[in-house]
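**Q** kindly return the folded structure for what I paste below:
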Amino acid sequence: MKLILQESITGLGNPGDLVQVKSGYGRNYLLPTGKAIVANEENMKVYEAKQEELKLQEEKRLERAKEIFDKINEFSVSQNVAISEEGTMYGSVGTKEISELLEANDFQIERSAVRLPEGSLKEIGNYVIDIELHPEVIAKVNLELKPEES
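**A** The predicted structure is shown next:
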């Protein structure tokens, strides 16, 4: 499936790029979220007319991401978690809990921006979490998981 990207997608391209993707990825993710449009003749003409506007929008997104990066990079936050008598955590801490924790500290970070390559956090300790504000701007947040006081 050929699509025209409307915004930067990590590992795929930048706004205005003509890309070939699997039809399921295009149909189920890129098109419904407005991140791309179908590359037919009509859309190609519209795109060429809007190309400059798209570049300006992308530059603004990058600037906003850099502003947030200056505030959030190396930010430290801690979370109390329930533990069993053996010292293991009940459940885990995932992207939802991390984004809610950052929201409580006045950072509006979407859940999809939180990167946990090894999956949810299941042990007490200190972690460095990547937050993808923009494909070119990735901040690091220090997260400490500590046992709840009984």
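**Q** how about the contacts made by Ile131?
**A** Ile72, Leu102, Ile109, Ala113, Val114, Arg115, Ile138, Ala139, Lys140, Val141 (Cβ atoms under 8 Å, 6 or more residues apart in numbering). The C-beta positions use only the backbone N, C-alpha and C, and glycine is treated the same way.
**Q** what's the answer for Glu7, then?
**A** Taking Cβ under 8 Å, 6+ apart as the criterion, Glu7 is in contact with Pro15, Lys35, Gln57, Glu58, Arg61.
**Q** filter those down to the ones in helices?
**A** Gln57, Glu58, Arg61 (DSSP state H).
**Q** between the residues you listed, which sits nearest Ile9?
**A** Nearest to Ile9 among these is Glu58, at 11.4 Å by Cβ to Cβ.
**Q** what about the spatially closest residue to the closest one that is not a sequence neighbour, distance to Leu56?
**A** Of all residues not flanking Glu58 in the chain, Pro15 sits nearest, at 4.8 Å (Cβ to Cβ, 6 or more residues apart in numbering). Using Cβ to Cβ, to the nearest Å, we find Pro15 at a distance of 10 Å from Leu56.
**Q** between those two, tell me which one has more neighbours.
**A** More neighbours surround Pro15 than the other of Pro15 and Leu56, with 23 against 11 (other Cβ atoms under 10 Å).
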